[in-house]
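> Have a look at this prediction, sequence included:
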Amino acid sequence: MQQPSALVIGETTFSFHDFEEMRPHIESAIGDAAEVTATTDKDALADLAGYDLVVDYLTDATLTPEQLDGLLSFVRDGGAYLGLHCAADLINVHDGDGGLDKRDEPFPDLRDLLGGHFLTHPEQSTFGVEIVSDHAVTDGVGDFEVFDEPYQVDVDDDVTVLARMAHPDLTDYPVAWVREYGAGRVCYASLGHTAEAFENDDYRRLLRNAVGWLVRD
């Protein structure tokens, strides 16, 4: 089988999710599951011909109509979308001075694509991740502990939750889920603020499994 082609997109707008810092860790975690092209140019989303998969590590989800239509039509027509960590932040936007402004509501079209969105998070800590669904994405992945930024999220009832958080001070928020979007497939995984998360063997396996499930024939 030909190796799938993935566009991995992020930004350098915010120091806390700096793509230049995290890109090598994302690429290493994906490994040989896909041939990766990395970019910070959102215009790449306007024409995704030649790609099988978009891997999203954007914090500010502000897109032009052309960029948004390119992404949504790509997935709707059978493409694949893997959202990592900050991809679920559909409320925070750049304030023009390196800080954050907040929208009143998450970007609706992207919220519909993802099937959930980020609410808030406490400080980084070590917490457990429990696998709760038997699925191709979780094949061979056991429960594990990770040092990362624990995301509190809101999710739709129609997503299939694959993993949940086991945190001493939080409820068991979903950590990973999948859903269909038109003819395409979507997977979201909330880990990925720290390099340690991407270096975790179980998380790496989950992400590589996700690529395989997303770009199935």
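Structure received.

> Next up, the contacts around residue 95.
Taking CB atoms under 8 Å, 6 or more residues apart in numbering as the criterion, residue 95 is in contact with residue 101. Glycine gets a C-beta too; all of them are placed from N, C-alpha and C.

> and it, what are its phi and psi?
As for residue 95, its main-chain torsions (degrees, to the nearest 10) stand at phi -90, psi 0.

> pLDDT score for it?
Residue 95 is assigned a pLDDT of 82 by the prediction.

> And it, how close does it get to residue 188?
Spatial separation of residue 95 from residue 188 under the definition CB to CB, to the nearest Å is 25 Å.

> Would you confirm that residue 9 contacts residue 45?
Yes: under the criterion of CB atoms under 8 Å, residue 9 makes contact with residue 45 at 7.0 Å.

> Now for residue 191: which residues touch it?
By CB under 8 Å, 6+ apart, residue 191 lies in contact with 84, 85, 129, 146, 148, 175, 197, 198, 200, 203.

> Okay, and which of those residues map to strands?
Among these, the members found in strands (DSSP state E) are 84, 129, 146, 148, 175.

> which two in the residues you listed are spaced the farthest apart?
Across those, the two members that end up farthest from each other (CB to CB) are 84 and 129, 14.5 Å apart.

> Okay, strands next: where are they in this structure?
In the chain, strands defined by DSSP E lie at 5-10, 35-39, 53-57, 80-84, 92-94, 100-102, 116-120, 125-131, 144-148, 152-155, 160-166, 174-181, 184-189, listed in chain order.
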